[in-house]
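A.B. asks: Next come a sequence and a model predicted from it.
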Amino acid sequence: MRTEEELMGVNLLGQSSTEYPSTYCPSVLETFDNKHTDNEYLVTFNCPEFTSLCPKTGQPDFAKIIINYIPRHKMVESKSLKLYLFSFRNHGDFHEDCINIIMKDLVKLMNPRYLEVIGIFTPRGGISIYPFANYADDEHQELRKARMLANFRNE
């Protein structure tokens, strides 16, 4: 079981009420220590209800966002991640921008060994867009390249 000291900095989890940010808000992200740094393992988050706005028309865009990462010392707390992703609801950016912003914010927050963000956006105007962005430290460059190639689509 984690001690109170180990849970310092995890402030959103367990609150009786939740305030949802109305604008893009990376400051809501929280971390906790990875207790298993000796073991490389994968963490996957699935956000099937991501929403952002088209920067030109203001129309809503909907997506499933998948985040995979191999932690180093810090891990993202899931409730803070949920609130962070929710903060894109009124954010106007292209699909590709949203995915890259999410990736860069999480890399800055955690300094993971490897991290990827996949956006599976619903069609608008008959076209689906599936942006993919990834990051790897020096030891995981082959994984970064392999995952990038694996995400090319030919449907």
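C.D. replies: Sure thing, it's come through. Numbering: from 1, shown residues only.
A.B. asks: Just the terminal-to-terminal distance for stretch 122-136.
C.D. replies: 28 Å (Cα to Cα, to the nearest Å).
A.B. asks: what sits up against that stretch?
C.D. replies: Identification of contacts with stretch 122-136 by Cβ atoms under 8 Å, 6 or more residues apart in numbering yields 54, 59, 61-63, 95-96, 98-100, 102-103, 107, 112-121, 143-144, 147-148, 151, 153. The C-beta positions use only the backbone N, C-alpha and C, and glycine is treated the same way.
A.B. asks: Okay, buried residues for the strand or helix carrying Leu106 please.
C.D. replies: Element membership of Leu106 [criterion: DSSP states H and E] is helix 95-110. For helix 95-110, the neighbour count (16 or more other Cβ atoms under 10 Å) marks 95, 98-103, 105-107, 109-110 as buried.
A.B. asks: which residues in the protein form strands?
C.D. replies: For the chain, the strands defined by DSSP state E cover 31-33, 43-53, 60-70, 74-76, 114-121, 132-136.
A.B. asks: for those, which one sits closest to Thr23?
C.D. replies: strand 43-53 (11.2 Å; Cβ to Cβ).
A.B. asks: Just the CA atoms from that closest one would do, formatted as CSV, please.
C.D. replies: What follows is strand 43-53, C-alpha atoms only, in CSV (Å, rounded to 0.1, in the frame of the first residue of the first chain):
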residue,chain,number,x,y,z
VAL,A,43,0.6,1.3,-19.5
THR,A,44,-2.3,2.0,-21.9
PHE,A,45,-5.1,4.6,-21.5
ASN,A,46,-8.2,4.5,-23.7
CYS,A,47,-10.3,7.7,-24.0
PRO,A,48,-13.2,6.9,-26.3
GLU,A,49,-14.9,10.2,-25.8
PHE,A,50,-12.3,12.9,-26.7
THR,A,51,-13.7,16.1,-28.0
SER,A,52,-12.0,19.2,-29.5
LEU,A,53,-13.1,22.0,-31.8
